[in-house]
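S.K.: kindly generate the corresponding structure for this input.
(one chain, ligands or ions: 1)
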Amino acid sequence: MPTSPRRRARLASSLALALGTAVALLPAAPAGARPAGDTLFTDQGNSGYQVRVYDVTMDYQPLTNRATARVLVRARAARTLDSFHLDFSGPRVTEVLVDGVAARHRRTGAHELVVTPAEPVRRGRFTVAVSWRGEPPEHTDADGSTEGWVRTSDGAVALGEPVGAMTWLPSNNTPGDKARFRYAITVPTGYEVAANGDLVGRDESATSTTWRWDARDPMATYLAMVAIGQFDVHESTTTSLDGRTIPIWSFTDPTTGSAAEARAALPEIIAFNERLFGPYPFTSAGLVVDDARVGYALETQTRAFYPPGAATTSTVVHEVAHQWVGNAVTLTDWHDIWLAEGFAVYAEWLYAAEHGGPRPGQRFDALYARPASDDLWSPAPTRFTDSADLFGEPVYLRGAMTLHALRQRVGDDDFFAILRAWVRRHDDANVRTRDLVRLSERVSGEELSGLFREWLVRDGKPRGY
Ligand SMILES: [Zn+2]
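M.R.: From the prediction side, this is the model:
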């Protein structure tokens, strides 16, 4: 997600609130704790299992925004489970089956679906199928922005950063648990369905079409996307750095334009990011432009989402960069979101510099000239306590400055080697900031914990690099 004017506008007040509170030390994760223990969204994610696959089957009616859905969750239990939780704030649950057998279920809190199987689930593989029916809700974030199942003029789009996937997907809704996603979504004839991954089938009947998408590479729930409406569908291909043919499927709402420039630029922008981060990490690409009333673009995996007018060159560079940094290599804990946003902003800076814009050093210097009282310096990028600060300037801009400070310290050769090694080493996996510190030290042979602490942890303006 890039900083949006709306999020920027909201920043001043949320930062003022955050500054008024003592910045707490991050709680240390207990030894052996599973990733579900997110330190920002402590009520999201569930312990005891990890998801392998979400199989989403849905029948959607655009005129009423109502759906009938069945989500088959293929998971692996870490231990025997007498009961377990899924995150779900969606409509009425009509049935839950565990390994094909009816299970008791109840809703608690704002978004807990508690499942008690007839027999305890034993350690190892199991399935839970959740059926629901009704109109999925939107979700309003702490910064006032809208996500979740967002209705449009001719359908809906599902956007899930940071937590909105739970409005339609019963899930382990935390970025540390990535899974394969398969979708089979049926809509009336004349409507189209975009989602993540590869378009593997379009089964047409007299009155409806079932669109089948397969996102084989592991994906965090916050990157899951479904867009339903009357779209123009654009198909093309590009060739990846390692010689693969990458199909490009783009879906644009014709009432918002055709996004022709962004679509034309996509292969070159993918190639630019491949030179930075290595071969394109997925098996297909594309973009979606739809008239959802949201004030941001989002790097939904393989196929980023843009509201009308948002698919500018710098934003497309940002969302495409996220396919490597954020999507293929994913934060484990939301306090490490700078690992996605700082890198994507730095990719924007590098791209602009290659196309006649200012050099990253000029950007850095201009930002560093801001006074010590500027909102850019507090809270430090990993030290916010309010989820409204997830998309603030410290995460984005001070995050990108952190990478530039690292580059100044280790030199260009080691810096760009670190970027490529980062993705090669952690592709399809989850990371924390300490993994980047270790990798940077290994590649450069330098002690760098002080630099990262100064830029990411210490509140206030860093003392240079
Ligand atoms: Zn972003």
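
S.K.: how about the helices in the stretch 301-450 of the chain?
M.R.: Per DSSP state H, counting those that start in this stretch, the stretch 301-450 of the chain carries helices over the ranges 313-322, 338-354, 360-368, 393, 399-410, 412-426, 433-444, 449-456.

S.K.: can you tell which of those is closest to the ion?
M.R.: helix 338-354 (4.5 Å; CB to the ion). C-betas here are computed from N, CA, C, even on glycine.

S.K.: send me stretch 289-308 as CSV with only the CA atoms.
M.R.: Taking C-alpha atoms only, stretch 289-308 is exported to CSV below (Å, rounded to 0.1, in the frame of the first residue of the first chain):
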residue,chain,number,x,y,z
VAL,A,289,-8.8,-1.1,-11.2
ASP,A,290,-12.3,-0.8,-9.7
ASP,A,291,-14.5,1.9,-8.3
ALA,A,292,-14.3,0.9,-4.6
ARG,A,293,-14.5,3.9,-2.3
VAL,A,294,-11.1,3.3,-0.7
GLY,A,295,-8.3,5.9,-0.6
TYR,A,296,-5.4,3.5,-1.3
ALA,A,297,-3.9,1.0,-3.7
LEU,A,298,-3.0,-2.4,-2.3
GLU,A,299,-0.3,-4.9,-3.3
THR,A,300,-2.7,-7.9,-3.4
GLN,A,301,-0.6,-10.9,-4.4
THR,A,302,0.2,-11.2,-8.1
ARG,A,303,-2.5,-8.7,-9.1
ALA,A,304,-2.4,-5.3,-7.2
PHE,A,305,-5.6,-3.3,-6.7
TYR,A,306,-5.9,0.4,-7.6
PRO,A,307,-8.9,2.7,-7.1
PRO,A,308,-9.7,5.0,-10.0
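
S.K.: domain assignment for this structure?
M.R.: 49-327, 332-456 (automatic domain parsing).

S.K.: end to end, how far does the first one reach?
M.R.: This points to domain 49-327. Terminal residues of domain 49-327 lie 21 Å apart, using CA to CA, to the nearest Å.

S.K.: swap in stretch 167-183?
M.R.: Terminal-residue distance, stretch 167-183 (CA to CA): 16 Å.

S.K.: same question, stretch 284-295
M.R.: 26 Å.

S.K.: mind putting the helices of the stretch 301-450 of the chain into a markdown table with mean neighbour count and mean pLDDT?
M.R.: Listed next are these as a markdown table, based on neighbours: other CB atoms under 10 Å; pLDDT from 0 to 100:
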| stretch | mean neighbour count | mean pLDDT |
| --- | --- | --- |
| helix 313-322 | 24 | 98 |
| helix 338-354 | 23 | 98 |
| helix 360-368 | 16 | 98 |
| helix 393 | 21 | 97 |
| helix 399-410 | 22 | 98 |
| helix 412-426 | 17 | 98 |
| helix 433-444 | 17 | 98 |
| helix 449-456 | 18 | 98 |
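
S.K.: out of the ones you listed, flag the one nearest R133.
M.R.: Taking CB to CB, helix 313-322 is the member of the helices of the stretch 301-450 of the chain nearest to R133, at 33.1 Å.

S.K.: by contact count, what packs against the closest one?
M.R.: Under the contact criterion of 3 or more CB pairs under 8 Å, 6 or more residues apart in numbering; DSSP states H and E, helix 313-322 touches helix 260-277, strand 304-306, helix 338-354.

S.K.: give the burial count for P371, as a bare number.
M.R.: 8 (other CB atoms under 10 Å).

S.K.: let me fix that, I meant to ask about P247.
M.R.: If you count neighbours by other CB under 10 Å, P247 ends up with 15.

S.K.: could you do M166 as well?
M.R.: 26.

S.K.: make sure it is indeed in a strand.
M.R.: No. Counting by DSSP: H, G, I helix; E, B strand; the rest coil, M166 falls outside a strand, being helix.

S.K.: could you measure from A380 over to H335?
M.R.: 10 Å (CB to CB, to the nearest Å).

S.K.: before we move on, the earlier item: export the helices and strands packed on helix 313-322 as JSON lines, with columns for distance to the ion.
M.R.: JSON lines is the format used below for the helices and strands packed on helix 313-322 (distance: least, CB to the ion, whole Å):
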{"stretch": "helix 260-277", "distance to the ion": "13"}
{"stretch": "strand 304-306", "distance to the ion": "9"}
{"stretch": "helix 338-354", "distance to the ion": "4"}
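
S.K.: so which of these gets nearest V163?
M.R.: Among the helices and strands packed on helix 313-322, the nearest to V163 by CB to CB is helix 338-354 (15.4 Å).

S.K.: out of the domains of the chain, nearest to T39?
M.R.: domain 332-456 (5.5 Å).

S.K.: straight-line length of the closest one, end to end?
M.R.: Counting by CA to CA, you get 16 Å between the two ends of domain 332-456.

S.K.: ok, back up a step: and the helices of the stretch 301-450 of the chain: which comes nearest Q301?
M.R.: helix 313-322 (8.8 Å).

S.K.: report the distance from the closest one to the chain centre.
M.R.: Counting by CA atoms, centre = their mean, to the nearest Å, helix 313-322 is centred 13 Å from the centre of its parent chain.

S.K.: sorry, back to before: what's the closest of the helices of the stretch 301-450 of the chain to G45?
M.R.: Smallest distance to G45 across these (CB to CB): 17.6 Å, for helix 338-354.

S.K.: what's the closest one packed up against?
M.R.: By 3+ CB pairs under 8 Å, 6+ apart, helix 338-354 packs against helix 260-277, helix 313-322, strand 329-331, helix 360-368, helix 399-410, helix 433-444.

S.K.: cutoff 7 Å now
M.R.: helix 260-277, helix 313-322, helix 360-368, helix 399-410 (3 or more CB pairs under 7 Å, 6 or more residues apart in numbering; DSSP states H and E).

S.K.: and it with helix 412-426, angle?
M.R.: Using axes from the mean of the first three to the mean of the last three CA atoms, to 10 degrees, the inter-axis angle of helix 338-354 relative to helix 412-426 is 140 degrees.

S.K.: other residues contacting helix 338-354?
M.R.: 272-273, 276, 314, 317-318, 321-322, 325-326, 331, 358-360, 363, 381-382, 395-397, 399-400, 402-404, 431, 433, 436, 456 (CB atoms under 7 Å, 6 or more residues apart in numbering).
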